[in-house]
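Participant: All I have is the shape, not the residue letters:
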């Protein structure tokens, strides 16, 4: 009952904010191909469009593959998961069956560190076997000792399968997959593993849990997958672009002293400013307020801002999943800022990027 009430809260006790439960940005929904109300659908269509774009665009042009532009070419008129399921079931099937090797590596990495994504197949299979045994034996122990606990069966089996389906329709990234971690820990605890030590049988379950929890502290490096459906094999490391680094902790004081609640702000970091600075969240506009297509009337909109904050990544021709930052910079901000230098004071903030402050002319 408590869980049911908790799940109803987002529907009946909505926050008095301009954004919905997924986007915490002042995102221009006019340039979204679907409704932004469902995180599952947003993830499904953004990632699906991204995978489609990888097959249709050259690497150097991927930053042009905004989902607003590519959606109709892949999904046609469908704006919801149900529509795709009915009219384009092959897409759903392809997503569910897409790249099982990488998916298995990611689940295994929850217990054995994200190096599982890069080690050679012959070594990975050893760790995968251990995880498989933990899952199989853990389930067996649960069913053996809780034959009439139907609620427990329902939660573990249907809850896990439902979440695995959601991951299959989006992506088995480490962040998305992490909610499976408590389930794996629970199954590991069921094994009741014992060893002989000093003529005594010692239960080492808690020791194993400590080891698993300790390894989480080392899961901090991001790994990038190739998109040629070979993720089951060793993945080539991603070569980072040679850009200055953005560090919000080191740049916070320098950026925030330029911000006040009266300013109308355009930025690449609207969540950061809305959540921690003195800015009025209703006056903070994400770069995604700009359209991913040419708009000759955008000049007046840009003129309305008091301050524009662009981190170092804004002018780097790097593609992202679904929505494209550099595309919007190239279409609208690059020429505007260059042609209107007299209107703005320009400051470069170390560990952040460039800040453009409107002059009082």
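Facilitator: Structure's in. What do you need? Keep in mind that this is a model prediction, so the values were computed, not measured.
Participant: what's in contact with the longest helix along the chain?
Facilitator: Across the chain, the helix with the greatest residue count (assigned by DSSP state H) is helix 121-145. Residues from elsewhere that reach helix 121-145, judged by CB atoms under 8 Å, 6 or more residues apart in numbering: 104-105, 107-108, 111-112, 116, 152-153, 156, 184, 186-192, 232-234. For every residue, glycine as well, the C-beta is placed using N, CA and C.
Participant: repeat that with 7 Å
Facilitator: Outside helix 121-145, the residues that touch it by CB atoms under 7 Å, 6 or more residues apart in numbering are 104-105, 107-108, 111-112, 116, 152, 156, 184, 187-188, 190-191, 232-233.
Participant: Now do the contacts for the nearest residue to residue 309 once chain neighbours are set aside.
Facilitator: Nearest residue to residue 309, sequence neighbours excluded (CB to CB, 6 or more residues apart in numbering): residue 267, at 4.1 Å. Applying CB under 7 Å, 6+ apart to residue 267 gives the contacts 273, 284, 286-287, 308-309.
Participant: Can you get me a residue count around the nearest residue to residue 60 once chain neighbours are set aside?
Facilitator: Leaving out its chain neighbours, the residue that sits closest to residue 60 by CB to CB, 6+ apart is residue 317, at 7.6 Å. Counted with other CB atoms under 10 Å, residues neighbouring residue 317 total 15.
Participant: got the phi/psi numbers for residue 317?
Facilitator: phi -70, psi 70 (degrees, to the nearest 10).
Participant: average pLDDT for the longest helix of the chain?
Facilitator: Averaged across helix 121-145, the pLDDT comes to 87.
Participant: ditto for stretch 319-334
Facilitator: In this model, stretch 319-334 has a mean pLDDT of 91.
Participant: before we move on, back to that, what's the first helix or strand after the longest helix of the chain?
Facilitator: Per DSSP states H and E, the first helix or strand lying C-terminal to helix 121-145 is helix 150-169.
Participant: buried sites along the next helix or strand along the chain from that following helix?
Facilitator: Counting by DSSP H and E, the element after helix 150-169 in chain order, helix or strand, is helix 174-177. Buried residues in helix 174-177, defined by neighbour count with 16 or more other CB atoms under 10 Å: 174, 176-177.
Participant: elements contacting helix 174-177?
Facilitator: helix 100-112 (3 or more CB pairs under 7 Å, 6 or more residues apart in numbering; DSSP states H and E).
Participant: how far off helix 150-169 does the helix it packs on point, in degrees?
Facilitator: Angle of helix 100-112 versus helix 150-169, following axes from the mean of the first three to the mean of the last three CA atoms, to 10 degrees, is 130 degrees.
Participant: Please enumerate residues in contact with helix 100-112?
Facilitator: 116-117, 124, 127-128, 131, 172, 174, 177-178, 180-181, 184, 212, 225, 231-232.
Participant: 8 Å instead?
Facilitator: Contacts of helix 100-112 (CB under 8 Å, 6+ apart): 115-117, 124, 127-128, 130-131, 134, 167-168, 172-174, 177-178, 180-181, 184, 188, 212, 215, 219, 225, 231-233.
Participant: just the buried members of these?
Facilitator: Buried, going by 16+ other CB under 10 Å: 115-117, 124, 127-128, 131, 134, 167-168, 172-174, 177, 180-181, 184, 188, 212, 215, 225, 231, out of these.
Participant: so where's this structure uncertain?
Facilitator: Applying pLDDT under 70 to the chain flags residues 15-26, 193-204, 217-243, 361.
Participant: hmm, 80 instead?
Facilitator: For the chain, the stretches with pLDDT under 80 are 10-11, 13-29, 37, 113-115, 145-150, 191-209, 211-244, 361.
Participant: Which stretches in the protein count as strands?
Facilitator: Taking DSSP state E as the criterion, the chain carries its strands at 194-197, 200-203, 265-267, 284-286, 307-311, 344-349, 353-358.
Participant: Please name every helix or strand in contact with the fifth one.
Facilitator: What it means is strand 307-311. strand 265-267, strand 353-358 (3 or more CB pairs under 8 Å, 6 or more residues apart in numbering; DSSP states H and E).
Participant: Next, the buried residues of the last one.
Facilitator: It refers to strand 353-358. 353-358.
Participant: hmm, who's touching it?
Facilitator: 244, 246, 255, 258, 268, 305-314, 337, 343-349.
Participant: Please, a PyMOL command that selects the buried ones among the residues you listed?
Facilitator: Here is the PyMOL command that selects the buried residues among the contacts of strand 353-358 (16+ other CB under 10 Å):
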select buried, resi 246+255+268+305+307+308+309+310+311+312+313+314+337+344+349
